[in-house]
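Asker: Below are the sequence and a predicted model for it; my questions follow.
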Amino acid sequence: MFCCTIKTSGQDTSHVLKNVDVQAQQLPENGRSVVPMQQLKKDALNGLNSLSVADAVKYFSGVLVKDYGGLGGLKTISVRSLGANHTGVMYDGIMLSDAQGGQIDLGKLSLDNIEEINLYNGQPSGNICQPARSYTTATVLQLNTGLPVFKDDQRIKLNLGYKTGSFGLINPSATVHYRWSDKFYSSFNTEWQKANGEYPFTFRNGDSLEKMKRVNADIDAIRFELDNKLIFNDSNRIAVKAYFYKSERGLPGSIIINNPNSSQRLWDRIFFLQGNWSRKFKNSQLLVNAKYNFSYNRFLNPEYLNNSGRLDNTYQQREYYLSGSYAYNITSQLQVSYSADFITNTMGANTYNFAHPTRLTLLNVLAAKWKLQRLELQGNLLYTLVNDQVKKGLEPGNKRKLTPYIGASYQPWLFIPVRIRGYYKNIFRLPTFNDLYYTDLGNTNVKPEFAQQYDLGLTWQQNVSGRLLQAVSLTIDAYYNHVKDKIVALPGNLFQWRIQNYGKVDIKGLDAGIQLYFKPIGKTHISLKGNYTYQQATDLSNPSLSTYKNQLPYTPKNSGAANLGIEYKSWSFNYNALFSASRYQPGDNIPYNLLASWNTQDVSLSYLLPVKNMGKWKLSFELNNIFNQQYDIIKFYPMPGRSFRLGLNCKL
Amino acid sequence: MRKNLWKWLVPAIVLVNACSKDDNVAPVTPVINPASGLFVLDEGAFGTNSAMLTYFDIATSTASDDIYKQQNGTSLGDVGNDAINYGGKMYIVVNNSNKIVVTDAKTAKLISTIALNQPRSIISYKDKVIATSWDGNVAVIDTMALTISKTIKVGSNPEGLAVQGSNIYVVNSGGLNAPAYDNTVSVIDGNSWTETKKITIGPNGQKVAVNSAGNVLVSTFGDYTAKNPPRIYIIDAANNTLKDSIDKPVSYFTVFNDTAYSFYTEYDENYQLKGITYPVIDTKTKAVIRENFITDGTKIVYPYGISIDENNGDVYITDAKDFIASGEVFCFSREGKFKFKFSVTPGVGPKKVLFLR
């Protein structure tokens, strides 16, 4: 995870750290975390050959990214087999939302200006002064764009990048950081991504192998972000962000025998304006968040066989969000907090008989944290009140739920840096607007889908005085999840499936991660990390079906990732590998439905150009899937084979 | 992406049954040998190229894996909607692969592939095979050349086909134009191969069959309003006018010896399955003979097709389960007593049963 952080020369820190401190800093922040937490920081992200958040999170353990392939293909995250709807994605402290489908497409989230990605099972557990919404999901993925660091008299900082590569990729980006005063900073970031996405792949139909090309896989996306930060002092800061994203893409669809090419298109527009104010007092802390979100998408099927010969649907969503959180330190060890969020979601569509729903959500959380040197206890209660109103059709009743979380971390021996941790959380995901109101499909009687999580783990982070090894970080977590009333679509009348609370899933698993930090060998710095995931996700939905007690589709029992980073003077080399054991496509767990295991290996090499007094210029070359592995994550959505990217980045 | 799939995931129920062509044929009853085996067309899940052909050997009670793939080395394609036997050949409608696959009727060995845009149902008439295409056309296939010899424009999203005399009746559903469904049946003259009439019935017609009284029966799904509930319309083939209707909703039906065997999957206003019934109807008198064909309590998760063995009147009902798990085929006596069943694993969504004699 921290494969590149050993080198301190590249960091904007002016003071020199003592050797011991450097070691201590290398150790990730997850050792003390009550819930399992995984982190990727900028330097590590740079070594992962990733353009989007979706590519990077594949290196976390416990994570399955449903990747439909290509730059523009849908990519959603399922953590510990709970499904994408159980993961909340926070962008600079505020949850992204999609009330329509409930799944965030991580392929649309660029890594360009992301400084840090944190993945929490359960919920972020470090600070209990946080929005009530961050307690509402089974997993939280935090994306943070970070604060610019200016040198003493610097007013303006520029970061310019350009990437190009296979499949017609053009990817320029630019960031301007401006310091208006010691208290007021602005950052403007923009990025353009364009690619034809036409990659070759081999399609197997029984005995026949056919070389084909992915078509209608183009993407053209542009993003603007403007951040303003007013930092009065360490305990009083205000941040305001405006975000705009616009894209057009082809939806290549699955490779159908004799009908492999789709002509469906998708347009997206996302705009949000969000602000937060955090204020620390002597014994307490206040956090206020607000957000307005507008999103629009248009789906076009120009080959639809209705009378007009096309299906052209548009959808709009609006969200208004207001959140307040207040934490109070009763003693230096005991902290309590209260958070309240109010959310309004509306959705419109041009489809026949659309319900035009409005959802009001009120969230209240009481949380407490008791932190001693060797023991930490946490707990909270979340009260959710949801009210939906529709202009057409049936209205579901109000929903009220009270759900708990408790967690603990304990260090049994004072001088051994081993901690035992565990948590229990009972949480649900609400039916989405699609689940409830999708024309001729939605079911207003659908109940929330509950996920119970149990986790027991161990962390060990040790500085060692070996000849080669400097520090070791090891985490192992065993978990058990139970999902009931899982919302699924079941066959109904002609053309339509019906939404029902049908599924029941038992998930047992193990997440393990190890990071090794080596002593520099001359001028060479090496880091190594790996993780491993075991998942047994058993479908207990219907005893009368042959899929009863089967492993969930697309869920390998074993999977893992490894990263090696080597730095030598101005050179930096990274090797990244992903492995997935065989898994089943939807259907019975029988050989016919078995999808082969796969692994991909990527390398990257970057070089800091010897430019003096003209900023930092970095040239990078990435080779992805070097052995040209042909594989599908979702059957008949082929993934790209070998590809390359060339990048130039300049910091002024 | 996903939201768009919903509309396609369960492609419509097709019509046509092997016996309908015989109903209008001749005064002498042809000799029909007992079946030695069954070919089951498994529709497969949309977008997964999992249309399959399962072979079941009656003597040994064993079901094969995908016999088409075994014989030909490749998969059939995506969404197997319908199949018939004609002239020693099997014609398999593979909807989303835009083709009709022609195989040997006994061995399932591939003979030829005929491209047709989104085909749905298939039937034979004299020396021709006729298929509906969802793009609003009917294709006439020359069974010697195995090519499309003529394309006839009909209504929107045509589904089922049936033959009465020298006319071919085509049900225009307009299913993709919801809520503005089509509500017509096209009459095609089998001599001139032109559409001679459009008969107005109720909205969203699906399946069609004929009886020995010269009637054409068309099931409709209705438009999901109180005004137009699902029902069966009766057309008088003598003058091609709407004559009557049966106030009995069915999701699927097939006619054998003037008796309609059907099932109905009933949904509430939240589109939740309320119940499944299997009405048996006398098509001449409109009388419901039995509300439930199955008389011994045998449970089927989700009926998807009915095929009848013309030799002994055995009724085969396919069970599509949840369209993810392997499907099953149930065989009943004509009295509705369970005889045997088999799994079509790894096949999903079994639809049509063809009889190898």
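Answerer: Right, received. Where do you want to start? Numbers count the residues shown, from 1 in each chain, chains lettered A, B, ... in the order given.
Asker: how about stretch A:528-545: buried residues?
Answerer: A:528-535, A:537-542, A:545 (16 or more other C-beta atoms under 10 Å in any protein chain shown). Glycine gets a C-beta too; all of them are placed from N, C-alpha and C.
Asker: wait, I meant stretch A:135-145
Answerer: A:Y135, A:T136, A:T137, A:A138, A:T139, A:V140, A:L141, A:Q142, A:L143, A:N144, A:T145.
Asker: so the first one sits right up against A:Y405, yeah?
Answerer: Spelled out, that is A:Y135. Yes. Proximity of A:Y135 to A:Y405 meets the contact threshold set by C-beta atoms under 8 Å, at 7.0 Å.
Asker: Give the residues shared as contacts by these two.
Answerer: Residues touching both A:Y135 and A:Y405 by C-beta atoms under 8 Å, 6 or more residues apart in numbering or on different chains: A:Q123, A:N380, A:L382.
Asker: Count the residues that sit near the second one.
Answerer: So that's A:N380. A:N380 has 23 neighbours, counted by other C-beta atoms under 10 Å in any protein chain shown.
Asker: burial of the residue lying closest to it once chain neighbours are set aside, as a residue count?
Answerer: Nearest non-adjacent residue to A:N380, counting by C-beta to C-beta, 6 or more residues apart in numbering or on different chains: A:A367, 3.6 Å away. A:A367 has 25 neighbours, counted by other C-beta under 10 Å.
Asker: In contact with A:A367, which residues are there?
Answerer: So A:A367 contacts A:I128, A:Y135, A:V336, A:S337, A:Y338, A:S339, A:Q378, A:G379, A:N380, A:L381 (C-beta under 8 Å, 6+ apart).
Asker: give me the number of residues near the residue nearest to A:N301 when sequence neighbours are not counted?
Answerer: Nearest residue to A:N301, sequence neighbours excluded (C-beta to C-beta, 6+ apart): A:L311, at 4.2 Å. A:L311 has 18 neighbours, counted by other C-beta under 10 Å.
Asker: In this structure A:L311 contacts A:F299, no?
Answerer: Yes. A:L311 is within contact range of A:F299, at 7.4 Å (criterion: C-beta under 8 Å).
Asker: Contact residues of the stretch 251-400 of chain A facing chain B?
Answerer: Contacts of the stretch 251-400 of chain A with chain B, taken as C-beta under 8 Å from any C-beta of the partner chain, map to A:251, A:253-259, A:264, A:266, A:299, A:301, A:304-307, A:311, A:352-353, A:394.
Asker: The stretch 551-652 of chain A: strands as residue ranges?
Answerer: Listed in chain order, the strands of the stretch 551-652 of chain A (DSSP state E, counting those that start in this stretch) span A:558-568, A:571-580, A:583-584, A:594-595, A:598-608, A:616-624, A:632-634, A:637-638, A:643-651.
Asker: Need the buried ones from the residues of the stretch 251-400 of chain A next to chain B selected in ChimeraX.
Answerer: This is how ChimeraX selects the buried members of these, with burial counted by 16+ other C-beta under 10 Å:
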select /A:251,253,254,255,256,257,258,259,264,266,299,301,304,305,306,311
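Asker: Could you give the number of residues near B:L116?
Answerer: Considering only other C-beta under 10 Å, B:L116 is surrounded by 25 other residues.
Asker: Model confidence at it, what's the number?
Answerer: pLDDT, B:L116: 98.
Asker: Against chain A, how distant is it?
Answerer: 11 Å (C-beta to the nearest C-beta, to the nearest Å).
Asker: Touching, that residue and B:S97? I think so.
Answerer: No. With contact defined as C-beta under 8 Å, B:L116 does not reach B:S97; the gap is 10.0 Å.
Asker: Below-threshold pLDDT in the chain: ranges please.
Answerer: In the absence of a named chain, chain A is used. Along chain A, segments meeting pLDDT under 70 span A:1-27, A:491-497.
Asker: Oops, wrong one, chain B.
Answerer: Scanning chain B for pLDDT under 70 picks out B:1-30.
Asker: For it, which segments count as helices?
Answerer: B:2-9, B:20-23, B:67-72 (DSSP state H).
Asker: and residue 75, how many residues sit next to it?
Answerer: You didn't say which chain, so I picked chain A. When neighbours are counted by other C-beta under 10 Å, A:K75 registers 27.
Asker: that's the wrong chain, I wanted chain B
Answerer: B:S75: 22 surrounding residues under other C-beta under 10 Å.
Asker: Spell out which parts of the stretch 51-200 of chain B neighbour chain A.
Answerer: Contact residues (C-beta under 8 Å from any C-beta) of the stretch 51-200 of chain B with chain A: B:65-66, B:69, B:72-78, B:94, B:96-99, B:113, B:115, B:118, B:134-136, B:156-157, B:174-180.
Asker: Go again with 6 Å.
Answerer: Within the stretch 51-200 of chain B, the positions adjacent to chain A are B:69, B:73-75, B:77-78, B:96-99, B:134-135, B:156, B:176-177, B:179 by C-beta under 6 Å from any C-beta of the partner chain.
Asker: Give me the subset of the residues you listed that lies in strands.
Answerer: B:K99 (DSSP state E).
Asker: most neighbours, which of the residues of the stretch 51-200 of chain B next to chain A?
Answerer: Of these, B:D78 is surrounded by the most neighbours, 28 neighbours in total, counting by other C-beta under 10 Å.
Asker: List the contacts of that residue.
Answerer: A:I256, B:N49, B:N96, B:S97 (C-beta atoms under 6 Å, 6 or more residues apart in numbering or on different chains).
Asker: Could you give the backbone dihedrals for it?
Answerer: Phi and psi for B:D78, reported as degrees, to the nearest 10, are phi -110, psi 120.
Asker: that older thread, filter the buried residues of stretch A:135-145 down to the ones close to chain B.
Answerer: By C-beta under 6 Å from any C-beta, no member of the buried residues of stretch A:135-145 lies near chain B.
Asker: With secondary structure and distance to B:D104 as added columns, please give those in CSV.
Answerer: Formatted as CSV, these follow (DSSP: H, G, I helix; E, B strand; the rest coil; distance: C-beta to C-beta, whole Å):
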residue, secondary structure, distance to B:D104
A:Y135, helix, 64
A:T136, coil, 60
A:T137, coil, 56
A:A138, coil, 54
A:T139, strand, 54
A:V140, strand, 59
A:L141, strand, 55
A:Q142, strand, 61
A:L143, strand, 59
A:N144, strand, 64
A:T145, coil, 64
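Asker: ok, those residues vs A:I507, which is closest?
Answerer: Among the buried residues of stretch A:135-145, A:A138 lies closest to A:I507 (C-beta to C-beta), at 10.9 Å.
Asker: Please tell me I have it right and the closest one contacts A:Q452.
Answerer: No. A:A138 is not in contact with A:Q452 according to C-beta atoms under 6 Å; the separation is 9.2 Å.
Asker: can you pull the contacts of the nearest residue to B:L356 once chain neighbours are set aside?
Answerer: Closest residue in space to B:L356, ignoring its immediate chain neighbours: B:G37 at 4.1 Å, by C-beta to C-beta, 6+ apart. The contact partners of B:G37, by C-beta under 6 Å, 6+ apart, come to B:D57, B:I58, B:L356.
Asker: cool, and B:K351?
Answerer: Contacts of B:K351 (C-beta under 6 Å, 6+ apart): B:L41, B:E43, B:Y304, B:G305, B:T318.
Asker: dump the residue contacts of B:V250.
Answerer: Counting by C-beta under 6 Å, 6+ apart, B:V250 has contacts B:S219, B:S262, B:Y264.
Asker: Against chain A, how distant is the second one?
Answerer: Distance, B:S262 to chain A, by C-beta to the nearest C-beta: 15 Å.
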